[in-house]
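Engineer: Could you work out the structure for the sequence below:
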Amino acid sequence: MKRLDDDLHNKRGTRLPARSASEDGQAQCRVQSSKKQALAPILEPLRDLQPASEVLTNRTENDDDYIRLILADGVVKQELKRSERDGSVFIDWTTITLRVTALLSYFSKSFTDEDIARFLSGKLEEIFGSSFGISKKNNFGLFFHPLSFVIGDNFGHFCIGNKNGRCVISISGQGWANASQASAKKLYTFITNLDELGGDCKLSRIDLAADYYKDGPTHSEFEAAYHRGEFVRQQRHIKTKDAWPNYQVYGCVHTKRGLESGITDAVGVRTSDLYLRRYDKGRELGDLNSTWSRVELEMKSKDTLIPFDVLLNPAKYFCQYPYLKNLCNSEAERLVSTRITAEITIESAKKIVKRQFGKYLRVLRGLAESDEELINELQSDEDEWPVRLAKIAPQIFVPIHKQPVISNVLFAEEFATSDFGYTDDSGYISSHIN
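Structural biologist: Residues are numbered from 1 along each chain as shown. Predicted structure coming up:
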């Protein structure tokens, strides 16, 4: 009889009776909401789809929780917590995905992937600055796209050609460090306009960071905060340490050399939607006595809805952990951080040369007729910047939208539909045309 009872309860395709009438009502409400989502994509708080009694019973929500679920186009996603935090929080990375058809509509005279890249090159200069045009086309693809282009001097990438009809615009931390002051606002306007053209734009990744030149969080303070539970985003998990996020330390904390090289603390995993890092930025650049530390929050949109508003108000979305809310506000400015980075990089390069070749230079200087003659003999014959100093090198390139276009396709001008040499009957098939 016991086996028969188990078989009846575990039989596939049958719905078991609800434990209570309220639970049964909850399930019906969920099904109806899913059908509505399929008809009209809207955002709804998940808690509004449940009876009030079930919210407290099943979810145990707390006003201090940092996780709130919503329905976005029928899919359950996390909503970023918005706070009233002030301070100097800056954008350190962005990756945007959108439909190619929106760019074709926005750049009405574009026809091919190369056309889109040329028009986008000029637009990126308008948004970020004169050094952000697309500098070259790679001989390889990126992010599952067969075509990829370099933005500026490795400031980011533009990728296109995937069969899903979407493309990627990614600006790196080095790119944002060289961007103009109004770049975030201009980017917000650009992607908002593309979204209105059916671009289905998404911020698939954005990094926010805050610098502390002095009195910033140290490794020991960060570790102590973790053990106090200040990185637990839901109050109901405070007493369950198995539900706490991962915590890892990179670098040697037991030796002087390890501490001088800098320590990195990380909460979460790189594949998750939230990944928090604290590291000794100054020591990473080579200043052994620097007190400059940086806190970075990496956010992805796999299971999280990232609003465009984060571009305009990064500080409001920085506090995704209780620890960040309790952290003192940063007063560091991005331009100052860029200048200090350049100063530390140059001083670090001098120390490397002195450590490795200082004795040779002392002896050779005494044997040479003049310092200028010695420098001319020792310097490289190649006019290139070393990798360590490349980040502060002046940008010298001609963006592709200012380069001459070479086309082997001949046709009458009156039939042209592209500013860059292609017509509908030219035989050229773009990757985004089925």
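Engineer: roughly how far apart are the residue nearest to E377 when sequence neighbours are not counted and I352?
Structural biologist: Leaving aside its sequence neighbours, E377 sits nearest to A368 (CB to CB, 6 or more residues apart in numbering; 7.7 Å). Heads up, the C-betas are built off the backbone N, CA and C, glycines and all. Separation of A368 from I352 (CB to CB, to the nearest Å) stands at 22 Å.
Engineer: Same check on T291?
Structural biologist: Relative to I352, and taking CB to CB, T291 is found at 22 Å.
Engineer: Repeat that for I306.
Structural biologist: From I306 over to I352 the distance is 40 Å, taken as CB to CB.
Engineer: Check whether the residue nearest to E377 really touches L378, as I assumed.
Structural biologist: No - between A368 and L378 there is no contact under CB atoms under 8 Å: 9.5 Å.
Engineer: Please, where are all the strands along the stretch 201-350 of the chain?
Structural biologist: With DSSP state E, counting those that start in this stretch as the criterion, the stretch 201-350 of the chain has strands at 202-212, 247-250, 264-267, 274-279, 293-300, 304-305.
Engineer: Next, format those strands as a markdown table and append mean neighbour count.
Structural biologist: Converted to a markdown table, those look like this (neighbours: other CB atoms under 10 Å):
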| stretch | mean neighbour count |
| --- | --- |
| strand 202-212 | 21 |
| strand 247-250 | 13 |
| strand 264-267 | 21 |
| strand 274-279 | 21 |
| strand 293-300 | 22 |
| strand 304-305 | 17 |
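Engineer: I'd like those strands written out as CSV, with distance to P386 and mean pLDDT added.
Structural biologist: Compiled in CSV, those are given as follows (distance: least, CB to CB, whole Å; pLDDT from 0 to 100):
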stretch, distance to P386, mean pLDDT
strand 202-212, 25, 93
strand 247-250, 25, 93
strand 264-267, 24, 94
strand 274-279, 23, 94
strand 293-300, 24, 93
strand 304-305, 39, 86
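Engineer: Out of those strands, flag the one nearest V100.
Structural biologist: Taking CB to CB, strand 202-212 is the member of those nearest to V100, at 14.0 Å.
Engineer: which other residues reach the closest one?
Structural biologist: With contact meaning CB atoms under 8 Å, 6 or more residues apart in numbering, strand 202-212 is reached by 87-98, 168, 170, 173, 281, 292-301, 306-308, 310-311, 314, 317-318, 327-328, 330, 332, 334, 337.
Engineer: So what are the sheet partners of that strand and their directions?
Structural biologist: strand 90-99 (antiparallel), strand 293-300 (antiparallel) (DSSP bridges).
Engineer: neighbour count winner among A368 and I352?
Structural biologist: A368 (16 against 13; other CB atoms under 10 Å).
Engineer: need the helices for the stretch 201-350 of the chain, in chain order.
Structural biologist: 219-227, 256-261, 281-285, 309-312, 322-326, 334-367 (DSSP state H, counting those that start in this stretch).
Engineer: weakest of those helices in terms of mean pLDDT?
Structural biologist: The weakest mean pLDDT among the helices of the stretch 201-350 of the chain belongs to helix 334-367, with a mean of 75.
Engineer: Count the residues that sit near S148.
Structural biologist: Residues near S148, counting by other CB under 10 Å: 20.
Engineer: Shouldn't it be within a strand?
Structural biologist: Yes - remark: S148 belongs to a strand, assigned using DSSP: H, G, I helix; E, B strand; the rest coil.
Engineer: what sits against it?
Structural biologist: S148 makes contacts with 137-138, 140-142, 157-160, as judged by CB under 8 Å, 6+ apart.
Engineer: what about 6 Å?
Structural biologist: Going by CB atoms under 6 Å, 6 or more residues apart in numbering, S148 touches 138, 141-142, 157, 159.
Engineer: quick check, nearest of the residues you listed to S110?
Structural biologist: Using CB to CB, the contacts of S148 come closest to S110 at C159, 16.2 Å.
Engineer: Verify the contact between that closest one and F140 for me.
Structural biologist: No - judged on CB atoms under 6 Å, C159 makes no contact with F140 at a distance of 10.5 Å.
Engineer: The two: which has the busier surroundings?
Structural biologist: Legend: neighbour count by other CB under 10 Å for C159 and F140, higher for C159 (22 against 7).
Engineer: what's the closest non-adjacent residue to that one?
Structural biologist: Among residues not flanking C159 along the chain, H145 sits closest, at 3.7 Å (CB to CB, 6+ apart).
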